[in-house]
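In: Give me the fold of what follows.
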Amino acid sequence: MDRRAFLSMVGGGAAAWAMGGCAPTNARAAEPKRRLPNIVIVFTDDQGYQDLGCFGSPDIDTPHLDRMAREGRRFTDFYVTQPVCSASRAGLLTGCYSNRVSILGALGPGAKHGIHDDEMTLAELCKQKGYATAMCGKWHLGHRPQFLPTRHGFDQYFGLPYSNDMWPYHPGVRHLPMEKRLKRWPHLPLIENGKIVNPKVTGKEQAQLTTWYAERAVKFIEKSKDRPFFLYVAHSMPHVPLFVSDKFKGKSKRGLYGDVISEIDWSVGQIRATLEKHGLAENTLFIFTSDNGPWLSYGEHSGRALPLREGKGTTWDGGVREPTVMWWPGKIPAGTVCSEPAMTIDILPTLAGLIGAKLPAHKIDGLDIWPLISGQAGATGPHEALFFYWGRHLQAMRSGKWKLHFPHAYRTMAGKPGGKGGIPERYSAGKTALALFDLEKDIGQKTNVADRHPDVVKRLQALADTMRADLGDSATKQKGKGVRPCGRVQG
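Out: Numbering: from 1, shown residues only. From the prediction side, this is the model:
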């Protein structure tokens, strides 16, 4: 279904805005008024590419997500901006490369910066059209009051302000007396709206997080069922340390990690069942994806990125290419697969087009991928190239089937199995020269074909130079003319 036809279904006002004009009064009065679509995004933490049944897991059962894939569309080449928590979330919520909005790495409890007030989030985009908005889960774009979700478009929020390992029970400090632990990591708070409702989260509470997020999500849908709503569920799991409720403990063939994924899958089923119960499924776009690849040093407590190379913290595809499923009965073709490259930055402009909201006045990097989502014949990825930074270093890019890596060091397990019992194994240091990969023939990025395709390398290097001028590159000591500041605590 093309955009014009879709907007005529969801409302004359949205259609008129998208077409750049005003519908005649008599035509608008004659059209049945239809509700704008609901939007649900579930974003997991450190999940591996292979860790769903529909993406090839041999030992983790995910029946609810597998059903969504059968009834919807799998995206096999869907990326995040950076393979790390805060940067990845910034890309999803603002439609920008995280470098453009100056949110890099993983913000800790000592951070005095976060998302800038001038950046438009997905929630603020939806508020233009009168949506109810809610978030459950890990925020990680600044924990000071001015940065919290309720200051950036969300009507309500319940969850952790940053990663669940940023607490005084981290394996790396557990051997120390508590007074020394607290100098490294303060107690982990649980926040509801702008108030700390539990200042000292323990393992007992962590085991309930996935269930609590699901329960809050269901309540929000039930409360908001008579108006358009945007729901963002950013699970704290399967980021280590792993915790799961009793109802899933010991249930998976894959051990504790599999138990955690099974509970996340259950939570997806709870949300979808609520949509179906209230007759909302056919008017809801449901997106499931993850923030980055698996934390491989944790071994049996980490996911698997197979058949991709490496994992979290690297710009190899195992770090930035995520298992993604989109579901919308009647709008997204069932049982289909999209292998065109796209990225989380594309969600914001796509939703803007779907609901008839105005994009921010400042530059964003995402592009409308509704033709890909809706399975339009002949649709291709709209980006000439996608770019992958680690911090301020431009390390890789993808254009069509090609992935080009610039010379850089990276962390690797180098064939080691990783740690056990929640204790990580040390990484080894890897290094790559300039390397080109044909992902259609070599999904594992094993064979450098740069010497065979100098014309491709030259074209991609020219595109990279343009990106460096815009967003900078620490390797070339460029700052970038298009970089905007993050928000900072005053005083």
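In: what packs against the longest helix along the chain?
Out: The longest helix of the chain (DSSP state H) is helix 255-277. Packing partners of helix 255-277 (3 or more Cβ pairs under 8 Å, 6 or more residues apart in numbering; DSSP states H and E): strand 38-44, helix 63-71, helix 209-224, strand 229-234, strand 284-290. C-beta coordinates here come from the backbone N, C-alpha and C atoms, glycine included.
In: Quick one: distance of that helix to the chain centre.
Out: Taking Cα atoms, centre = their mean, to the nearest Å, one finds the center of helix 255-277 at 17 Å from the center of the full chain.
In: If I take it and strand 229-234, what angle do their directions form?
Out: 180 degrees (axes from the mean of the first three to the mean of the last three Cα atoms, to 10 degrees).
In: Could you list the low-confidence segments of this protein?
Out: Across the chain, the ranges flagged by pLDDT under 70 are 1-34, 491.
In: And the residue positioned nearest the centre of it, how close does it get to W139?
Out: Centroid check for the chain by Cα atoms, centre = their mean gives D291 as the closest residue, at 4.1 Å. According to Cβ to Cβ, to the nearest Å, D291 stands 12 Å off from W139.
In: what touches both of those two?
Out: Shared contacts of D291 and W139, defined by Cβ atoms under 8 Å, 6 or more residues apart in numbering, are found at R89, A234.
In: So the residue nearest to the centre of the chain sits against F43, correct?
Out: Yes: between D291 and F43 there is a contact under Cβ atoms under 8 Å: 6.0 Å.
In: Between the two, which contacts overlap?
Out: Common contacts of D291 and F43, defined by Cβ under 8 Å, 6+ apart, comprise R89, L92, A234.
In: And the first one, how far from K251?
Out: In this structure, R89 and K251 are separated by 29 Å, where distance is defined by Cβ to Cβ.
In: which of these two has more neighbours?
Out: Taking other Cβ atoms under 10 Å, R89 and K251 do not tie; R89 has more neighbours (29 against 13).
In: Okay, helices next: where are they in the stretch 351-491 of the chain?
Out: Listed in chain order, the helices of the stretch 351-491 of the chain (DSSP state H, counting those that start in this stretch) span residues 370-373, 454-471.
In: R35 and N283 touch, don't they?
Out: Yes: R35 lies in contact with N283 (Cβ under 8 Å); the separation is 6.2 Å.
In: Between the two, point out the one with more neighbours.
Out: Comparing R35 with N283 by other Cβ under 10 Å, the one with more neighbours is N283, at 19 against 12.
In: measure the more buried one to R227 for me?
Out: For N283, the distance to R227 (Cβ to Cβ) stands at 11 Å.
In: residues shared between the contacts of the two?
Out: With Cβ under 8 Å, 6+ apart as the test, N283 and R227 both reach R35.
In: can you list the domains in this protein?
Out: 1-34, 37-373, 387-488 (automatic domain parsing).
In: Could I get the full set of helices for the stretch 101-250 of the chain?
Out: Along the stretch 101-250 of the chain, counting by DSSP H, counting those that start in this stretch, helices occupy 122-127, 178-184, 203-206, 209-224.
In: Adding mean neighbour count and distance to M135 as columns, could you present those in JSON lines?
Out: Formatted as JSON lines, the helices of the stretch 101-250 of the chain follow (neighbours: other Cβ atoms under 10 Å; distance: least, Cβ to Cβ, whole Å):
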{"stretch": "helix 122-127", "mean neighbour count": "23", "distance to M135": "7"}
{"stretch": "helix 178-184", "mean neighbour count": "13", "distance to M135": "28"}
{"stretch": "helix 203-206", "mean neighbour count": "14", "distance to M135": "18"}
{"stretch": "helix 209-224", "mean neighbour count": "20", "distance to M135": "9"}
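In: Looking at these, which is nearest to V483?
Out: helix 122-127 (21.0 Å; Cβ to Cβ).
In: Check the offset of that closest one from the chain's centre.
Out: Worked out by Cα atoms, centre = their mean, helix 122-127 lies 16 Å from the chain centre.
In: Quick one: list the elements packing against that helix.
Out: The contact analysis (3+ Cβ pairs under 8 Å, 6+ apart) places helix 122-127 against strand 38-44, helix 85-94, strand 132-137, strand 229-234, helix 347-355.
In: In terms of secondary structure, what does the second one contact?
Out: For helix 85-94, the elements it packs on are strand 38-44, helix 122-127, helix 347-355, judged by 3+ Cβ pairs under 8 Å, 6+ apart.
In: E263 versus the residue lying closest to G418 once chain neighbours are set aside, what's the distance?
Out: Nearest non-adjacent residue to G418, counting by Cβ to Cβ, 6 or more residues apart in numbering: G299, 2.6 Å away. To E263, G299 is 20 Å away according to Cβ to Cβ.
In: Looking at the two, which is more packed in?
Out: More crowded of G299 and E263, by other Cβ under 10 Å: E263, with 25 against 19.
In: and the closest residue to the more buried one other than its chain neighbours, how many neighbours does it have?
Out: Of all residues not flanking E263 in the chain, F248 sits nearest, at 4.3 Å (Cβ to Cβ, 6+ apart). By the measure other Cβ under 10 Å, the count of residues near F248 is 21.
In: again with Q50
Out: Close neighbours of Q50, defined as other Cβ under 10 Å, add up to 20.
In: Please save the CA atoms from stretch 253-265 in CSV.
Out: Extracted in CSV, the C-alpha atoms of stretch 253-265 (Å, rounded to 0.1, in the frame of the first residue of the first chain):
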residue,chain,number,x,y,z
LYS,A,253,17.7,-25.6,27.0
ARG,A,254,20.1,-22.6,26.8
GLY,A,255,20.4,-22.1,30.6
LEU,A,256,19.9,-18.8,32.3
TYR,A,257,20.4,-16.7,29.1
GLY,A,258,17.7,-18.7,27.3
ASP,A,259,15.4,-18.3,30.3
VAL,A,260,15.8,-14.6,30.1
ILE,A,261,15.0,-14.5,26.3
SER,A,262,12.0,-16.8,26.9
GLU,A,263,10.6,-14.3,29.4
ILE,A,264,11.1,-11.4,27.0
ASP,A,265,9.3,-13.4,24.4
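In: buried residues in that stretch?
Out: R254, L256, Y257, G258, D259, V260, I261, S262, E263, I264, D265 (16 or more other Cβ atoms under 10 Å).
In: from these, which is closest to W316?
Out: Of all these, Y257 has the smallest distance to W316: 20.9 Å, by Cβ to Cβ.
In: distance of that closest one from K247?
Out: In this view, Y257 and K247 are 17 Å apart by Cβ to Cβ.
In: before we move on, what SS does R74 have?
Out: Counting by DSSP: H, G, I helix; E, B strand; the rest coil, the backbone at R74 sits in strand.
In: number of nearby residues for it?
Out: R74: 21 neighbours (other Cβ under 10 Å).
In: Nearest residue to it in space, please, no chain neighbours.
Out: With Cβ to Cβ, 6+ apart, the residue lying closest to R74 is V337, at 4.9 Å.
In: and what of L386?
Out: R398 (4.8 Å).
In: repeat for R70
Out: Closest residue to R70 in three dimensions, ignoring its sequence neighbours and counting by Cβ to Cβ, 6+ apart: G335, at 5.5 Å.
In: count of neighbours near that neighbour?
Out: 10.
In: cool, the one 10 residues further on as well?
Out: A count of neighbours around I345, defined by other Cβ under 10 Å, yields 27.
In: State the distance from the residue lying closest to it once chain neighbours are set aside to G335.
Out: Closest residue to I345 apart from its sequence neighbours, by Cβ to Cβ, 6+ apart: G366 at 3.6 Å. G366 sits at a distance of 27 Å from G335 (criterion: Cβ to Cβ).
In: Alright, calling it a day.
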